[in-house]
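**Q** Starting from these lines, generate the structure:
(2 chains)
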Amino acid sequence: MKILTAIIIWIGVLLFDGVLLPATSNILIGMGSIVFLVALVVSQGLHRWVVSLGVALALTTEIIFGLYLGTLVGAWLVALWVWYGINRFLSLKSVVEDSSLVTLLPSLISGLLVLFAMLFAQWGLVRIFYESSISLSVFSNLLTSPRIIIIVAVELLIVIALFGLARNTKKEHAYL
Amino acid sequence: MRNEGIVKFLSIVSFIFVVLILCNILFLRVVRKQYLPDVAIKTTSSIFNVSGQINEWARYFGKWKELARENMSLRDITSQYISTEATIESLKSENDMLRKSAGLATHLRRQVISGGIFNVSFEPSGYFALINKGSSDGVIVGQAVISPDGVLVGKIVSVSESSSKIIILNNPEFSVTVKVLDGDTSGILRGALNNGMVLDLVTQGDKIKEGDILITTGDDLLPPGLVVGVVRHVEDNDTQLFKKIGVDPKVSVKQGAVMIIK
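**A** Alright, predicted model coming up:
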């Protein structure tokens, strides 16, 4: 069920980020898939199904959007390692465990950290293996753009909240 | 969170990913450079994206299919060449035959028909052969059959529309009047199955020796001047009226080209 929920959210994020947002505004970020993956690990924690589902969805995204093969999957694995590293030093509770604002904010901050690590990893993989990518200066300019950071942070927050909401709805159904 | 389990799992997934991506890149690069240098130039930038890769794989398969098709067409061409070669060989043989026929026809001052023996039977009842020319080609009973070199093989004994039966020299029923080449001695040559032929009616006073060549006299239906055989042995016996003479046929009958003298 949680896998199905995650897939539905993934489709929703892709539609929102790729279709609705560009259609209704001038925002053309296109980081929906990365935001979703980060939100997945931040909200659900590090589990086998999260890893597997992330790999499957990342690969699907690569095929659908014609990305460099393996770059998103590789970035996803890097993100998981980063998340694992963060969790070793900080005791973060996932949104699934506690979806209150107290956990939401640290989740968002750590999620942004993971997201930037993932973006950097993807850029690096393209640069190393495929010899074709934007220069580091352009890439750093993109990452430090306040507009992009705000949009990505809002998207991440929404997706994490969606995961939390889905979890809470299920809990309520369980109580009833 | 089960740290150990998930770390192990994550490590395995990461390892698999690294291996796959390296294999993908290395394999594509090596194969591309080796087999598709034109693709390597054209799609250097796009080769590593998914659509580019799928396209490239499809091109590999396309290339293989193309090679298979090329292989099939080459086989067809080879078959055609073999067939053409066989035809040329046959035409060459036919041409040789026609040249010889023309030469023989001039030499014999008679028309000849080219044909071929397709069956030889050496049965106790007699030696016969079948040729691929019949009444539709103008063959009639009694005509002489000779080798391309002009040596007598036998004569026609029966004719059907598309084939004819030859009685071979060795057959006891075969007989022909012959004489010694460059000599006056003549006699009647008869078939003697495995013993070749025997020359009859040569008196003790006639001059004949081993190694003499016998040719047709033309006193019967067969044309004169055809080489028939070589004297193998001569047995003189004063108590007998005629000499006993063994003769070897000049040609051994087998499947192949022959000519019929009209």
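**Q** Lowest mean pLDDT among the helices and strands of chain B, which one is it?
**A** Taking mean pLDDT, DSSP states H and E as the measure, the helices and strands of chain B show their lowest mean at helix B:37-42, namely a mean of 49.
**Q** is it true that residue B:177 lies in a strand?
**A** Yes - checked against DSSP: H, G, I helix; E, B strand; the rest coil, residue B:177 lies within a strand.
**Q** ok, it touching residue B:199?
**A** No - Residue B:177 is beyond contact range of residue B:199, at 10.4 Å (criterion: Cβ atoms under 8 Å). C-beta: built from backbone N, CA, C; applies to glycine.
**Q** more neighbours, those two?
**A** When residue B:177 and residue B:199 are compared for neighbours, residue B:199 comes out ahead with 28 against 17, by other Cβ atoms under 10 Å in any protein chain shown.
**Q** Which helix or strand contains that one?
**A** Following DSSP states H and E, one finds residue B:199 within strand B:197-200.
**Q** Over the helix or strand hosting residue B:228, what's the mean pLDDT, rounded is fine.
**A** Using DSSP H and E, residue B:228 falls within strand B:227-235. Model confidence over strand B:227-235 averages 89 on the pLDDT scale.
**Q** Provide a list of residues in contact with the nearest residue to residue A:47 once chain neighbours are set aside.
**A** Once its chain neighbours are removed from consideration, residue A:47 has its nearest residue in residue B:6; the separation is 6.7 Å (Cβ to Cβ, 6 or more residues apart in numbering or on different chains). Applying Cβ atoms under 8 Å, 6 or more residues apart in numbering or on different chains, we find residue B:6 in contact with A:46, A:47, A:48, A:51, A:84.
**Q** May I see the residues you listed organised as CSV, with secondary structure and distance to residue B:205 added?
**A** Rendered in CSV, the data for the contacts of residue B:6 read as follows (DSSP: H, G, I helix; E, B strand; the rest coil; distance: Cβ to Cβ, whole Å):
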residue, secondary structure, distance to residue B:205
A:46, coil, 128
A:47, coil, 127
A:48, helix, 122
A:51, helix, 121
A:84, helix, 128
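**Q** Closest to residue B:132 out of those?
**A** When these are compared for distance to residue B:132 (Cβ to Cβ), residue A:51 comes out closest, at 82.8 Å.
**Q** Can you tell me the number of residues neighbouring the closest residue to residue A:71 other than its chain neighbours?
**A** Take residue A:71 and drop its neighbours on the chain: the residue closest to it by Cβ to Cβ, 6+ apart is residue A:125, 4.5 Å away. With neighbours defined by other Cβ under 10 Å, the count for residue A:125 comes to 20.
**Q** rewinding a little: which among the contacts of residue B:6 end up buried?
**A** Restricting the contacts of residue B:6 to buried positions leaves A:46, A:47, A:51, A:84, with burial counted as 16 or more other Cβ atoms under 10 Å in any protein chain shown.
**Q** and these, which two are the farthest apart?
**A** Largest separation among the buried ones among the contacts of residue B:6 by Cβ to Cβ: A:47 and A:84, giving 11.6 Å.
**Q** Give me the next element, helix or strand, following the helix or strand harbouring residue B:88.
**A** With the criterion set as DSSP H and E, the secondary-structure element containing residue B:88 is helix B:50-108. Sequence-wise, the next helix or strand downstream of helix B:50-108 (DSSP H and E) is strand B:112-123.
**Q** so how far is that following strand off the chain centroid?
**A** The gap between where strand B:112-123 is centred and where its chain is centred comes out at 15 Å by Cα atoms, centre = their mean, to the nearest Å.
**Q** strands paired with that strand, and their directions?
**A** When pairs are called by DSSP bridges, strand B:112-123 turns out to pair with strand B:126-131 (antiparallel), strand B:256-261 (antiparallel).
**Q** List the buried residues for it?
**A** By neighbour count, with 16+ other Cβ under 10 Å as the criterion, the buried positions of strand B:112-123 are B:112, B:113, B:114, B:115, B:117, B:120.
**Q** For the strand holding residue B:199, enumerate the helices and strands it packs against.
**A** If contacts are counted by 3 or more Cβ pairs under 8 Å, 6 or more residues apart in numbering or on different chains; DSSP states H and E, strand B:197-200 sits against strand B:186-191, strand B:227-235, strand B:244-249.
**Q** partner strands of that strand, parallel or antiparallel?
**A** Counting by DSSP bridges, the strands paired with strand B:197-200 are strand B:186-191 (antiparallel), strand B:244-249 (antiparallel).
**Q** if we can go back for a sec, wait, which of the helices and strands packed on strand B:197-200 is closest to residue B:11?
**A** Taking Cβ to Cβ as the measure, these were each checked against residue B:11, and strand B:244-249 came out nearest at 93.3 Å.
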